[in-house]
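Engineer: Coordinates only, no sequence provided:
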């Protein structure tokens, strides 16, 4: 695991203990889902921990993490491609 994954896993396990008095072994899917609802962008990094926990038969209740939703406020990483798609859909042939 990378440093950030370890940090996020420790934060999650601390939250789980303080909030629900549960451990990694007693954690349920709804605990993970509830934790991810607050959704700081790094919380999804706990996924690696659950892959490990399942492989080591520590937790069989968590079946996966929801896929992170794209941030609608995030800047476009491919603005040229987006403009091209927009022009195609609008039927325009010249740059906006």
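Structural biologist: Here it is on my side, so go on. The model shown is predicted, which means the values in this text are computed figures rather than measured ones.

Engineer: Give me the residue ranges of the chain where confidence is low.
Structural biologist: 1, 39, 66-86, 88-89, 92-96 (pLDDT under 70).

Engineer: remind me, longest helix of it?
Structural biologist: Counting by DSSP state H, the longest helix found in the chain is helix 3-20.

Engineer: what about the helices in this structure?
Structural biologist: Under the criterion DSSP H, the chain contains helices at 3-20, 29-37, 47-55, 79-90.

Engineer: Span of stretch 16-31 from start to end?
Structural biologist: End-to-end distance of stretch 16-31: 7 Å, with C-alpha to C-alpha, to the nearest Å as the criterion.

Engineer: Next up, the contacts around the residue nearest to residue 32 when sequence neighbours are not counted.
Structural biologist: Spatial nearest neighbour of residue 32, excluding adjacent residues (C-beta to C-beta, 6 or more residues apart in numbering): residue 62 at 5.4 Å. Where you see a C-beta, it was placed from the backbone N, CA and C, and this is true even at glycine. By C-beta atoms under 8 Å, 6 or more residues apart in numbering, the residues touching residue 62 are 27, 28, 29, 32, 50, 53, 54.
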